[in-house]
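1. next input, structure requested:
(one chain, ligands or ions: 1)
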Amino acid sequence: MIINIDGRELEAEKGQTILQVATENGIDIPTLCHHEALEPYGACRICIVEIFRGGRSKIVASCLYPAEEGLEVKTSSPRVLTNRKMILELLLARCPNNEVIKDLALQMGIEQPSFRPEYLEDNDCIVCGLCVRACEQVVGVSAISLVNRGITKEPASPFLESSKDCIGCGSCYYICPTGAIKMEDKEDTRVIYNWEVEFKLKKCKVCGNYWAPERQLDYIRENWNLPEDFFDICPNCK
Ligand code: SF4
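-> Now for the predicted structure:
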């Protein structure tokens, strides 16, 4: 099928979203909560675009909206820019000190939060759910979830206690778009502060470097039926 994005006629396959078609063709649509390896979620709404059909237009999240034959899409129409700016104003009020959000806001011409100081929070998390989805859909562990509602909603371990299911893989840390998850490898120990967990790191028998949490390696070994000594040597030395 053919869809028109920003005046360009583009080939799209059935099942693709507007965001996927745009990205494939080098058209930049900003997003924070989207990752190709995960189901689309539409949490951050920064990827909104305006679609036109039958003389009408509406604003949709491009990460969720499917490409349709003959669809006309504008990624930065005045209506899109006004709405995207409003979304960024809200994110900036929640995360006024976060560099990623500040940069995005600046790109939209927002230098300072427009809310009064007493309404500003000091958060890094935008509650996009990427960490929770990665843990569930990629790692297959579901060690964390989104808890609470409204402005108190946040990713957390069960009962806000040290997560018992976490294997320390760090996927949540690596995928977080705003650096809200704090993880540190200190000598032979990995700490993930958000979930209050600590893991002993495996030492490579050849180079002596600590390279991955033992719990994560055990999890992989058991699930893939690998030999006991499979992870004795790190990938660099293999
Ligand atoms: S580090 Fe723990 S919480 Fe984060 S993705 Fe891995 S298993 Fe899930």
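2. report the buried residues of the helix ranked longest in the chain.
-> Identified as the longest helix of the chain according to DSSP state H is helix 78-94. Buried residues in helix 78-94, defined by neighbour count with 16 or more other Cβ atoms under 10 Å: 80, 83-84, 87-88, 91-94. Any C-beta I mention is one placed from the backbone N, CA and C, and that applies to glycine too.
3. just stretch 27-43 next, same as before
-> For stretch 27-43, burial by neighbour count (16+ other Cβ under 10 Å) applies to 27, 29-35, 38, 40-43.
4. export the residues you listed to CSV and tack on pLDDT, secondary structure and distance to the ligand?
-> Converted to CSV, these look like this (pLDDT from 0 to 100; DSSP: H, G, I helix; E, B strand; the rest coil; distance: Cβ to the nearest ligand atom, whole Å):
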residue, pLDDT, secondary structure, distance to the ligand
27, 97, coil, 31
29, 96, coil, 26
30, 95, coil, 25
31, 95, coil, 20
32, 95, coil, 18
33, 94, coil, 16
34, 94, coil, 18
35, 94, coil, 13
38, 94, coil, 12
40, 90, coil, 19
41, 90, coil, 16
42, 90, coil, 21
43, 89, coil, 17
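5. which one of those is nearest residue 68?
-> Of all the buried residues of stretch 27-43, residue 40 has the smallest distance to residue 68: 15.9 Å, by Cβ to Cβ.
6. surely that closest one and residue 18 touch.
-> No. Shown here, residue 40 and residue 18 do not form a contact pair, counting by Cβ atoms under 8 Å, at 10.6 Å.
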